[in-house]
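>>> Need coordinates for the below:
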Amino acid sequence: MGTYTVKFEAISSAMAEQKVQHALAAEADYIISTDASCLLQLQAYIDKYQLPVKTMHLADVLAHGWANI
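Numbering: from 1, shown residues only. Sure thing, here's the model as predicted:
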């Protein structure tokens, strides 16, 4: 999703909105991914609308353990 931010801004924004709204509907605390550019786009959307969900890279989850999050 991250590379779409530059080339296809409208598609990227719609994808971020859909993914974050699905996470909120599921009452998720975190959106976890392995794609750093995707996480940046999602976090930008979350920050813009001050939404109660966070993004995290899978490597951070594995490095710190789920209990420490």
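>>> Quick one: distance of the helix ranked longest in the chain to the chain centre.
In the chain, ranked by residue count with DSSP state H as the criterion, the top helix is helix 9-25. Distance of helix 9-25 from the chain centroid (C-alpha atoms, centre = their mean, to the nearest Å) equals 9 Å.
>>> which element follows that helix toward the C-terminus?
Downstream of helix 9-25, the next assigned helix or strand under DSSP states H and E is strand 30-33.
>>> Mean confidence (pLDDT) on whichever helix or strand comes after that next one, please.
From strand 30-33 onward toward the C-terminus, using DSSP H and E, the following helix or strand is helix 36-49. Average pLDDT, helix 36-49: 94.
>>> ok, and for helix 36-49, which residues are buried?
Buried residues in helix 36-49, counting neighbours by 16 or more other C-beta atoms under 10 Å, are found at C38, L39, Q41, L42, Q43, Y45, I46. (C-beta placed from N, C-alpha, C; glycine too.)
>>> now stretch 22-32
For stretch 22-32, a neighbour-count test (16+ other C-beta under 10 Å) marks A23, I31, I32 as buried.
>>> and these as a markdown table, adding pLDDT and distance to S12?
Written out in a markdown table, the entries for the buried residues of stretch 22-32 read as follows (pLDDT from 0 to 100; distance: C-beta to C-beta, whole Å):
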| residue | pLDDT | distance to S12 |
| --- | --- | --- |
| A23 | 98 | 17 |
| I31 | 97 | 15 |
| I32 | 96 | 19 |
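>>> Could you dump those residues into a markdown table and include distance to F8?
Supplementary listing: the buried residues of stretch 22-32 in a markdown table, determined by distance: C-beta to C-beta, whole Å:
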| residue | distance to F8 |
| --- | --- |
| A23 | 22 |
| I31 | 20 |
| I32 | 24 |
